[in-house]
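K.L.:
Have a look at this prediction, sequence included:
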Amino acid sequence: MQRLIYHTIVMILLTACQTDEAHVALGTLERDRVTLTATANEIIRELPVKEGTPVTQGQVLVKLDQRSQDVLLAQAVAEQAQAQAYLQKLTNGERPEDIATAQADVVRADARFIEAEKNYQRTRELVAKKLSSQSENDRALASRDTAKAELNAAREAFAKLTAGSRVEDIEQAKAALDAAKAGVMLQQHRLSELTIVATRNGVLDSLPYKLGERAMINQAVAVIEADQVPYARVYVPARYRTQFLPGLIVNIHVDGVTTVFRGKVRYVSAQPSFTPYYALTEEERSRLMYLAEIDLDDSAQSLPSGIPVQVELGGLRP
């Protein structure tokens with residue numbers, strides 16, 4: 001008789017629990033987690049903040065080795081200086097000494113041409129009087145033509161020096177300088193990324209690497225739990241989905257807290273998912289549920305993340 005009474009009481013309790021759970025959405029309190037990744041395969045040189053410490057946006061969390069990037073930046077700076085010097089050379093023109101030398105070459109070539117011209121005229125007169133051979137006349141003519149060509153070349157060289165650089169060459173040099181400046185900015189940016197800083201206020205939740213270890217690129221080196229009011233992430237049974245919509249105000253119970261919090265539904269998944277293990281009841285193991293997120297008011301600011309919660313669904317029609 002006592003055994004029958006005991007089993008009856010147990011069945012009543014289980015039935016009551018299942019009835020209660022059938023009208024709640026189960027889940028946990030969550031906060032945004034910000035994962036900061038390594039930007040290069042470098043050794044971790046500094047970890048100035050310990051896990052669990054509150055951090056502010058911009059605070060240094062991890063420093064990677066910068067020596068390789070320092071070399072690349074120095075190389076880019078040198079290329080910029082080279083491009084700047086070349087452009088300055090084109091825009092400033094030739095040195096006065098070079099121009100004076102070219103001008104002297106013109107004067108020298110002009111004197112040679114005058115002398116060769118006079119020599120040719122004398123030789124031609126002698127040939128006309130039959131006092132000189134035709135071969136002498138030909139040599140004098142060739143010397144005159146050579147002197148004239150040298151004079152023209154000297155004049156062209158002088159004109160080139162005084163005219164300055166071509167517009168196209170200057171524009172090309174300007175473009176090369178712009179490219180060099182962009183290269184410096186890129187290397188400076190990559191150098192700055194070797195210092196990992198907090199992108200949001202919060203608590204430093206995790207440092208996956210230890211000091212002296214080599215971090216792998218795109219792997220997490222710091223995880224921040226954002227400093228914000230937690231939100232409830234729960235799973236809503238399918239039979240309540242049509243009424244459980246963004247904007248709905250619901251009551252939220254937090255394990256270990258007697259206060260009933262008010263929350264506003266901000267998101268409900270359009271696709272169903274399998275029921276998580278902590279939301280299962282015996283009769284609902286095979287049913288699908290919908291993930292939902294609910295914003296709590298500021299009174300929940302001090303609640304820690306990960307605590308189980310239950311959202312009342314009793315006021316909704318299944």
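P.N.:
The structure has been received and is ready for your questions.

K.L.:
What's the mean pLDDT across stretch 260-269?
P.N.:
For stretch 260-269, mean pLDDT is 93.

K.L.:
measure residue 31 to residue 179 for me?
P.N.:
Applying CB to CB, to the nearest Å, the value for residue 31 to residue 179 is 44 Å. C-beta coordinates here come from the backbone N, C-alpha and C atoms, glycine included.

K.L.:
Low-confidence stretches in the stretch 51-200 of the chain?
P.N.:
93-96, 99, 161-165 (pLDDT under 70).

K.L.:
That one: helices as residue ranges?
P.N.:
In the stretch 51-200 of the chain, the helices defined using DSSP state H, counting those that start in this stretch lie at 67-92, 96-128, 134-163, 167-193.

K.L.:
Mind checking which of residue 31 and residue 179 has more residues around it?
P.N.:
residue 31 (20 against 12; other CB atoms under 10 Å).

K.L.:
Surely the more buried one touches residue 232?
P.N.:
No - using CB atoms under 8 Å, residue 31 makes no contact with residue 232, being 11.1 Å away.

K.L.:
what does stretch 59-79 rub up against?
P.N.:
36, 38-40, 42-49, 55, 180, 183-184, 186-188, 190-191, 194-198, 204, 207, 209, 215, 221-222 (CB atoms under 8 Å, 6 or more residues apart in numbering).

K.L.:
ok, 6 Å please
P.N.:
The contact list for stretch 59-79 (CB atoms under 6 Å, 6 or more residues apart in numbering) reads 42-43, 45-46, 48-49, 180, 183-184, 187, 190-191, 194-198, 221-222.

K.L.:
Please apply the same query to stretch 146-162.
P.N.:
So stretch 146-162 is contacted by 94, 99, 102, 103, 105, 106, 109, 110, 112, 113, 116 (CB under 6 Å, 6+ apart).

K.L.:
In three-state terms, label residue 250 for me.
P.N.:
The three-state label given to residue 250 by DSSP: H, G, I helix; E, B strand; the rest coil is strand.

K.L.:
before we move on, back to that, closest to residue 301 out of the helices of the stretch 51-200 of the chain?
P.N.:
Proximity to residue 301, assessed across the helices of the stretch 51-200 of the chain by CB to CB, is greatest for helix 167-193 (32.5 Å).

K.L.:
residues of that closest one that come out buried?
P.N.:
173, 176, 177, 180, 181, 183, 184, 187 (16 or more other CB atoms under 10 Å).

K.L.:
and if you look at stretch 214-228?
P.N.:
Buried-residue list, stretch 214-228, by 16+ other CB under 10 Å: 215, 221, 222, 223, 224, 225, 226, 227.

K.L.:
wait, doesn't the last one sit right on residue 205?
P.N.:
No - look at residue 227 against residue 205 with CB atoms under 6 Å: they stay out of range, at 11.4 Å.

K.L.:
The closest residue in space to residue 23 that isn't next to it in sequence - how many residues pack around it?
P.N.:
Closest residue to residue 23 apart from its sequence neighbours, by CB to CB, 6 or more residues apart in numbering: residue 314 at 4.5 Å. Using other CB under 10 Å, residue 314 has 10 other residues around it.
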